[in-house]
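> let me see the structure of the following:
(one chain, ligands or ions: 1)
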Amino acid sequence: METLAKPEIQGLIVRGYGRLPSAQFLLLEVRDAVLARGYLQRLCERGDGISVTTANVSPDDVALHVAFTAPGLVQLGVPASAVESFARELVEGMDEPTRAMSLGDQGVNDPEHWTWGREKPHVLLLIYAKDELMLAERVDRERTALEASGFHVIVAKHTAPLRADQKEHFGWKDGLSTPIMEGSERAADPHEVWTFPFRAGEFVLGYRNEYEAYSESPTVALDDDPQGHLPLTSDGTAKDLGRNGTYLVYREMTQDVPGFWKYLATNSREPGDDEVTRAIALGSKMVGRWPGGAPLVASPSHDDPALSNINDFTYHDEDQHHRSTACPFGAHIRRANPRDQLPSEHDRDDSIEMVRKHQMIRRGRVFGPPLADSMDPRDFLAKRDEPDLGVRGLHFICLVGHIGRQFEFVQRAWINSPNFAAMFRDADPIIGVHRPPPDPNVSDEFTCPAEPLRRKYKGMPQFTRLVGGAYFFLPGMRALRFIARHPLPL
Ligand code: HEM
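Take a look at the predicted model:
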């Protein structure tokens with residue numbers, strides 16, 4: 001097992017900051033590269049209160065992270081040849097037309113409707129704090145420093161403080177399943193592992209991945225690093241700009257909570273004595289867990305508080321002989337992470353091997369007020385006819401060593417594929433693109449296997465909507481010093 005160089009890695013890779021419930025994400029433009037590099041140099045310092053939080057510390061008051069788009073790296077003066085050596089996805093951007101089409105970012109999700117992301121921000125600054133007051137103070141301080149240092153704050157993305165019940169806006173407990181990485185503290189806890197820990201290279205560049213290889217890493221010509229900030233590549237022909245860094249995928253999605261619950265209440269044919277119970281049952285089939293978190297494979301007929309945090313479940317033995325009558329193949333969590341039963345693989349071991357190569361570390365935060373603070377479906381349903389004002393949703397963020405093989409593959413081949421698991425008109429019920437007929441690629445159905453007959457839900461509207469997004473590079477500390485042209489200690 002390789003040892004993670006924690007002082008060189010941004011801490012967001014190893015922790016989601018559950019103890020820092022308040023957060024704000026600033027999208028920045030670099031207007032003066034020289035001044036901006038000065039600010040970034042200060043972010044590399046230790047102990048002055050404004051440095052980037054590294055993985056070797058577990059902060060209990062604030063944390064700060066910084067990431068860059070390809071145009072941002074260019075703007076900051078990183079040599080063009082180095083920027084071009086980054087993953088193609090980063091260089092081209094999330095909104096590149098062919099990519100947008102393959103991700104299903106069409107119709108209401110089309111980049112032409114986005115509020116940000118087509119005009120690429122240069123830098124993303126993520127600030128986390130233990131409460132709203134500390135967050136406001138910290139953000140104020142940073143904004144003043146940024147505006148005085150050649151940056152322009154394009155927009156500040158606010159998040160709602162993490163709830164004690166960890167619920168996202170539809171009312172389901174979130175943040176339960178995160179892949180465990182070799183070398184991290186969580187790897188020591190066998191109870192949370194659905195198989196064994198993942199190779200670090202799946203999530204951090206410069207380490208072996210699940211192929212026992214190193215993911216491609218951006219490089220800098222030897223002459224372009226005269227100060228010697230960066231380590232040599234393994235063959236010694238260039239400098240490694242990627243080591244200890246990773247890619248960050250950011251998608252801002254709004255959620256139509258009244259529309260979701262109205263659909264569930266109006267259409268559910270799941271078992272239940274009343275409208276609310278039936279609505280919850282259908283919503284849970286769509287997610288793959290009950291609102292309290294219990295996975296359907298572990299508790300098919302009711303929510304179970306004793307199972308609310310479990311993540312060591314699998315599908316093959318639990319649900320295959322039931323033909324996924326407990327948790328539908330098309331449920332959000334089963335599409336996003338099919339674990340040990342990927343229907344296109346012919347046995348359990350092949351599934352595990354395949355699925356382990358398509359994981360992501362999710363670090364999303366919710367934004368906007370809840371439709372009902374109680375998160376009680378009865379209160380949601382009382383507001384079912386309220387218009388969707390697009391004011392609440394999820395800042396979906398995930399970290400991956402390979403954008404194409406991990407995030408994009410999952411989004412394209414599992415989330416949005418109408419043919420996933422031999423279905424032919426379905427898409428992920430929560431986040432999939434729901435195309436109604438006469439679109440030749442109809443994908444507005446959800447199939448619920450059941451005995452004696454499966455139930456088909458048709459004409460599903462779009463419950464989430466993509467309103468902005470971009471790919472970023474979250475550098476390791478040596479790479480950040482290189483980008484900042486940080487003077488090396490004598
Ligand atoms: C508004 C948008 C979204 C909502 C409301 C949502 C909701 C949820 C919920 C409630 C869970 C179950 C809790 C857990 O296992 O941690 C979950 C899990 C998950 N979601 Fe999402 N999600 C959204 C967007 C996305 C996106 C864009 C992706 C990636 C393409 C994604 C990938 C996943 C994955 C990989 C899991 C873990 C599955 C597992 O390991 O069992 N989600 N999501």
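
> what residues does this structure have near the ligand?
Counting by C-beta under 6 Å from any ligand atom, the chain comes close to the ligand at 168, 170, 172, 174-177, 251, 253, 255, 287, 289, 332-333, 336-337, 360, 362, 393-394, 396, 410-411, 415, 430-431, 464. In this view, the C-beta of every residue, glycine as well, is placed from N, C-alpha and C.

> can you give me the strands in the stretch 51-200 of the chain?
For the stretch 51-200 of the chain, the strands defined by DSSP state E, counting those that start in this stretch occupy 62-68, 123-129, 151-158.

> show me what counts as buried in the last one.
Residues of strand 151-158 classed as buried under the neighbour-count rule (16 or more other C-beta atoms under 10 Å) are 151, 153, 157.

> longest helix anywhere in the chain?
Assignment by DSSP state H gives helix 132-147 as the longest helix of the chain.

> can you report how many residues lie near V66?
Number of residues near V66 (other C-beta atoms under 10 Å) recorded here: 23.

> and L162, how many neighbours?
L162: 21 neighbours (other C-beta under 10 Å).

> residues in contact with it?
18, 21-22, 365-366 (C-beta atoms under 8 Å, 6 or more residues apart in numbering).

> which stretches in the stretch 301-450 of the chain count as helices?
For the stretch 301-450 of the chain, the helices defined by DSSP state H, counting those that start in this stretch cover 316-319, 332-336, 348-355, 377-382, 409.

> I meant to write the stretch 1-150 of the chain there.
Secondary structure of the stretch 1-150 of the chain (DSSP H, counting those that start in this stretch): helices at 33-44, 70-75, 80-84, 88-92, 97-103, 132-147.

> got TSV for those helices, with mean pLDDT and mean neighbour count too?
Listed next are the helices of the stretch 1-150 of the chain as TSV, based on pLDDT from 0 to 100; neighbours: other C-beta atoms under 10 Å:
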stretch	mean pLDDT	mean neighbour count
helix 33-44	94	18
helix 70-75	97	21
helix 80-84	97	16
helix 88-92	98	17
helix 97-103	96	16
helix 132-147	97	15
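
> tell me which of those lies nearest to R186.
For the helices of the stretch 1-150 of the chain, the distance to R186 is smallest for helix 132-147, at 25.7 Å, taking C-beta to C-beta.

> which regions of the stretch 201-350 of the chain lie under the pLDDT threshold?
Within the stretch 201-350 of the chain, the segments meeting pLDDT under 70 span 320-322.

> which residues in it form strands?
In the stretch 201-350 of the chain, the strands defined using DSSP E, counting those that start in this stretch lie at 219-220, 239-240, 246-255.

> reformat those as CSV; add distance to R455 and mean neighbour count.
What follows is these, written out as CSV (distance: least, C-beta to C-beta, whole Å; neighbours: other C-beta atoms under 10 Å):
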stretch, distance to R455, mean neighbour count
strand 219-220, 53, 22
strand 239-240, 53, 24
strand 246-255, 24, 25
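
> would you list the ones you listed in JSON lines and tack on distance to A265?
Shown next, in JSON lines, are the strands of the stretch 201-350 of the chain (distance: least, C-beta to C-beta, whole Å):
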{"stretch": "strand 219-220", "distance to A265": "55"}
{"stretch": "strand 239-240", "distance to A265": "55"}
{"stretch": "strand 246-255", "distance to A265": "17"}
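
> quick one, which of these is nearest to M94?
Closest to M94 of those, according to C-beta to C-beta: strand 246-255, at 7.7 Å.

> give the partner strands of that closest one in its sheet and their orientations.
strand 393-400 (antiparallel), strand 464-474 (antiparallel) (DSSP bridges).

> okay if I get those as JSON lines plus mean pLDDT, distance to P295 and mean neighbour count?
Shown next, in JSON lines, are the strands paired with strand 246-255 (pLDDT from 0 to 100; distance: least, C-beta to C-beta, whole Å; neighbours: other C-beta atoms under 10 Å):
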{"stretch": "strand 393-400", "mean pLDDT": "98", "distance to P295": "20", "mean neighbour count": "23"}
{"stretch": "strand 464-474", "mean pLDDT": "97", "distance to P295": "21", "mean neighbour count": "24"}
